[in-house]
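K.L.:
Predicted model follows, preceded by the sequence.
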Amino acid sequence: MSTTWALALHGGAGTIARASMTPEAERAYRAALQAATDAGADVLRRHGSALDAVEMAVRSLEDCPLFNAGRGAVFTHDGHHEMDASIMDGRTGLAGAVAGVRAVKNPIRAARLVMEQTDHVLLAYPGADELAREHGLPTQPAEYFFTQHRHDQLQEALQEGRVRLDHSKAQPNEDPKKKMGTVGAVARDQHGHLAAATSTGGMTNKRYSRIGDSPIIGSGTWADDRTCAISCTGHGEYFLRAVVAHDIACLMEYRGLSLEEACRIVVHDKLAPVGGEGGLVAVDAAGHVALPFNSEGMYRASLTDSTPIYIGIYGDEG
């Protein structure tokens with residue numbers, strides 16, 4: 001059966017074990033993934049654009065305090081939030097991104113604003129926040145982004161004297177760099193166009209305005225109607241050095257590989273051996289979806305017009 005539209009999204013990857021997840025928490029995560037999928041799929045069902053679909057899906061995840069993006073973003077060393085986001089249109093090749101924003105309610109909207117209303121690709125704080133205000137995007141005070149769970153993570157990280165990529169509270173004897181909380185979405189619309197979007201709060205206890213792969217076009221986000229749309233989640237430094245999202249598109253374009261094979265090579269053969277833990281969501285020009293990851297788990301969901309919704313958290317969920 002042919003696919004006319006497709007959507008896939010993620011809410012972070014890392015050490016996500018059944019033993020550390022309460023039934024209530026699992027239900028909450030699955031419900032949030034369902035809501036974000038519904039938000040994006042509603043656009044696609046109504047013949048809307050892939051660009052609108054990924055924005056709506058990511059906005060839903062940014063509004064949910066369970067994920068490290070928008071409301072619920074992790075704290076920096078100085079006790080505030082620095083949020084990054086990017087979006088790319090596979091039809092035009094245009095892209096926009098913001099880094100370190102502190103007040104924009106939905107950073108993904110600011111990223112799209114950069115793409116559509118400026119001659120630039122990437123704007124950083126404080127200019128990115130200023131642009132958002134000038135164009136009337138909703139902003140929020142610092143209290144809006146606060147969650148007790150993320151504040152507790154910061155206190156733990158400060159006591160340990162190290163940076164964390166945690167998605168949830170560390171377990172005994174657990175490597176603190178095992179949980180990555182970026183969110184993202186990719187889509188193919190009924191017009192055959194692709195788009196990708198990614199958003200994150202970064203690393204708990206990060207300093208010096210550190211920026212990972214999420215707002216970097218080609219590393220954390222990529223979309224090209226000829227090949228694929230990609231949104232990544234993982235240890236950003238590795239994804240930056242490997243230019244992960246664009247590498248997958250290149251393997252498809254230059255070597256003629258399928259989406260699944262290109263993703264496998266990059267995620268498992270290139271990233272995993274050097275410690276680049278994480279994953280991504282992908283869709284190709286024909287609407288095929290891939291959800292690869294080399295970590296213990298990844299919050300993920302997908303839906304097409306010809307297949308039922310899939311929601312997964314753990315590595316053993318096929």
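P.N.:
It's in.

K.L.:
Please make it C-alpha for all contacts and neighbour counts, starting now.
P.N.:
Noted.

K.L.:
if I pick residue 256, what's in contact with it?
P.N.:
With contacts defined as C-alpha atoms under 8 Å, 6 or more residues apart in numbering, residue 256 has no neighbours.

K.L.:
quick one: it from residue 262, how far?
P.N.:
Distance, residue 256 to residue 262, using C-alpha to C-alpha, to the nearest Å: 9 Å.

K.L.:
Ok, residue 58 next?
P.N.:
In terms of C-alpha to C-alpha, residue 58 sits 24 Å off from residue 262.

K.L.:
So which of those two has more stuff around it?
P.N.:
Using other C-alpha atoms under 10 Å, the more surrounded residue of residue 58 and residue 262 is residue 58, with 33 against 18.

K.L.:
Report the spatially closest residue to the more buried one, excluding sequence-adjacent ones.
P.N.:
In this structure, residue 58 finds its nearest non-sequential neighbour in residue 184, 5.8 Å apart by C-alpha to C-alpha, 6 or more residues apart in numbering.

K.L.:
What score does the one you found have for pLDDT?
P.N.:
Residue 184 is assigned 98 on the pLDDT scale.

K.L.:
can I assume it sits in a strand?
P.N.:
Yes - assessed by DSSP: H, G, I helix; E, B strand; the rest coil, residue 184 belongs to a strand.

K.L.:
hang on, isn't it packed against residue 198?
P.N.:
Yes - using C-alpha atoms under 8 Å, residue 184 is in contact with residue 198, at 4.1 Å.

K.L.:
Residues in contact with both of those two, list them for me.
P.N.:
58, 231-232.

K.L.:
what ranges of the stretch 201-318 of the chain fall below the confidence cut-off?
P.N.:
Counting by pLDDT under 70, the stretch 201-318 of the chain has no low-confidence residues at all.

K.L.:
quick one, strands of it?
P.N.:
Using DSSP state E, counting those that start in this stretch, the strands of the stretch 201-318 of the chain run over 221-223, 228-234, 278-284, 289-290, 297-304, 307-314.

K.L.:
Buried residues in the lengthiest helix in the chain, which are they?
P.N.:
If you go by DSSP state H, the chain has its longest helix at helix 23-45. Neighbour-count burial for helix 23-45 flags 29-30, 32-41, 43-45 (criterion: 16 or more other C-alpha atoms under 10 Å).

K.L.:
give me the beta-bridge partners of the closest residue to residue 95 other than its chain neighbours?
P.N.:
Distances taken as C-alpha to C-alpha, 6+ apart put residue 88 closest to residue 95, at 4.2 Å, once the chain neighbours are dropped. Note on residue 88: beta-bridge partners residue 95, residue 196, judged by DSSP bridges.

K.L.:
which residues does residue 88 contact?
P.N.:
Here residue 88 is in contact with 51, 94-96, 195-197, 217, 221-223 (C-alpha under 8 Å, 6+ apart).

K.L.:
what's the spacing between it and residue 245?
P.N.:
12 Å.

K.L.:
hang on, the earlier thing: of the strands of the stretch 201-318 of the chain, which is nearest residue 154?
P.N.:
Closest of these to residue 154 is strand 228-234, at 19.1 Å (criterion: C-alpha to C-alpha).

K.L.:
Neighbours of residue 120, how many?
P.N.:
Neighbour tally, residue 120, other C-alpha under 10 Å: 13.

K.L.:
and the gap between the closest residue to it other than its chain neighbours and residue 276?
P.N.:
Counting by C-alpha to C-alpha, 6+ apart, the nearest residue to residue 120 once its immediate chain neighbours are dropped is residue 114, at 6.5 Å. Here residue 114 is placed at a distance of 29 Å from residue 276 (C-alpha to C-alpha).

K.L.:
and what of residue 133?
P.N.:
36 Å.

K.L.:
more neighbours, these two?
P.N.:
residue 276 (21 against 15).

K.L.:
thinking the more buried one is in contact with residue 242, fair?
P.N.:
No - if you go by C-alpha under 8 Å, residue 276 and residue 242 don't touch, sitting 9.1 Å apart.
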